[in-house]
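Enquirer: Have a look; sequence and predicted model below, questions after that.
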Amino acid sequence: MTPSALDRRMLGWSALFVVSQANIARLLGPAAPKVLEVQTAWSARRYRQILASMDETEIARFRSHYFPDFVHPAIYAIALRAGARSLAAKTPLSPSATTALAVAPVVSAGGDYIENIVGLMLVDNREQITDTVVRATTVVSTVKWILAIGSLAYLGQGFLRVWTKALLR
């Protein structure tokens, strides 16, 4: 099976996503696990504990990751949407699946932008860390992850089905 223009677009954006993710991980270094902890904190107390557990170097790394992370959501949204278009060209998708695969990556990226803005603000303005802000941001983060991973899982199983049929021919 020769890759189509849609396949090449999907592969290009997916490769760019991997490079972007690797760059963010490089910038974070040992502070990387703290990002997930912050994104899943359910209280102001826990959020402050996570930030307090970082030394100056980790805080600097943590802060520095936000700048490339303002480009990253657009990259993964475009990659997921390119994947949806590529899959739709290979197999019929229901109208609801087509809509979900078009909307979910955009909503996920939007949530990622909200999360990044709040996170960047809170790292330097800890007096603004409240239970309400932390819980709202954690909900946004959780929805972001569900939408992005859900889209990826749907695409993954769809491509697996298409490739399995192609191999069995």
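Expert: Cool, the structure landed. Owing to the predicted nature of the structure, the values given are computational and were not obtained by experimental measurement.
Enquirer: For residue 80, grab the count of nearby residues.
Expert: 27 (other CB atoms under 10 Å). All C-beta atoms are positioned from the backbone trio N, CA, C, and that covers glycine.
Enquirer: Please disregard the earlier target; I meant residue 149.
Expert: Every residue meeting other CB under 10 Å relative to residue 149 is counted, giving 13.
Enquirer: ok, residue 155 to residue 76 distance?
Expert: According to CB to CB, to the nearest Å, residue 155 stands 12 Å off from residue 76.
Enquirer: where does this protein have low pLDDT?
Expert: When residues are selected by pLDDT under 70, those of the chain lie in 1.
Enquirer: biggest helix in it, by residue count?
Expert: Secondary structure of the chain read by DSSP state H shows that its longest helix is helix 131-168.
Enquirer: Can you name every helix or strand that that helix contacts?
Expert: Packing partners of helix 131-168 (3 or more CB pairs under 8 Å, 6 or more residues apart in numbering; DSSP states H and E): helix 32-39, helix 44-52, helix 72-90, helix 95-124.
Enquirer: what separates that helix from the chain centre, distance-wise?
Expert: Centre-to-centre, helix 131-168 and its host chain are 9 Å apart (CA atoms, centre = their mean, to the nearest Å).
Enquirer: For residue 155 and residue 76, indicate the residue with more neighbours.
Expert: With neighbours defined as other CB under 10 Å, residue 155 and residue 76 compare such that residue 76 has more, 22 against 19.
Enquirer: who touches residue 82 in this structure?
Expert: Residues near residue 82 by CB atoms under 8 Å, 6 or more residues apart in numbering: 6, 9-10, 13-14.
Enquirer: let's see it at 6 Å
Expert: By CB atoms under 6 Å, 6 or more residues apart in numbering, the contact set of residue 82 is 9-10, 13.
Enquirer: again with residue 78
Expert: Residues in contact with residue 78 (CB under 6 Å, 6+ apart) are residue 13.
Enquirer: and the helices and strands packed on helix 131-168, which is most packed in?
Expert: Of all these, helix 72-90 has the most neighbours on average by mean count of other CB atoms under 10 Å, namely a mean of 21.
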